[in-house]
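A.B. asks: build me a structure from this.
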Amino acid sequence: MQPVLTTEEVHRFLETDFPQIHTDGRVMTVTEIASGRASMRLDPLERHLRPGGTVSGPALFALADVTAYVAVIAHIGVVPLAVTTSLNINFLRLPQLKPTTCTCKILKLGKRLAVLDASIFQDNPDELVAHATVTYSIPPL
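C.D. replies: Residues are numbered from 1 along each chain as shown. This next block holds a predicted model:
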């Protein structure tokens, strides 16, 4: 399963067609597009914290969702109306206010559905702060 878009092409698409992810400043960056996967980095700000000083669940959820979307479009081409149909997330460790990475691996890429595994970590990829499974619906082309 090879990507059909480069990191730069995905960034351009996000800039022009999906600028909402940059509301109030750019905090998410595509860091890798590779065979069957994609990675993004969240550089959290104070607004991403919850009481107690940890990165909030909604911020981690958004990171998993956008990274899964990036993985899908990188492998099928720009399909703006591909949408999340399911996202189940488990929060495993308290994430600190520092760069956070999400790597999504495509488990299944069909004509109508994509299923992905999302691993979210900070310093050590073996110490996840969250894990998600994501399903995307792909509209007929």
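A.B. asks: which stretches of the chain form strands?
C.D. replies: Taking DSSP state E as the test, the strands found in the chain are 28-34, 37-42, 49-50, 54-55, 83-91, 100-109, 113-121, 128-137.
A.B. asks: out of these, which gets the lowest mean score?
C.D. replies: With a mean of 87, strand 49-50 has the lowest mean pLDDT of these.
A.B. asks: hmm, who's touching that one?
C.D. replies: The contact list for strand 49-50 (CB atoms under 8 Å, 6 or more residues apart in numbering) reads 55-57, 97. All C-beta atoms are positioned from the backbone trio N, CA, C, and that covers glycine.
A.B. asks: tell me the gap between it and the middle of its chain.
C.D. replies: 19 Å (CA atoms, centre = their mean, to the nearest Å).
A.B. asks: do stretch 46-61 as well
C.D. replies: Taking mean C-alpha positions (CA atoms, centre = their mean), stretch 46-61 and its chain are 16 Å apart.
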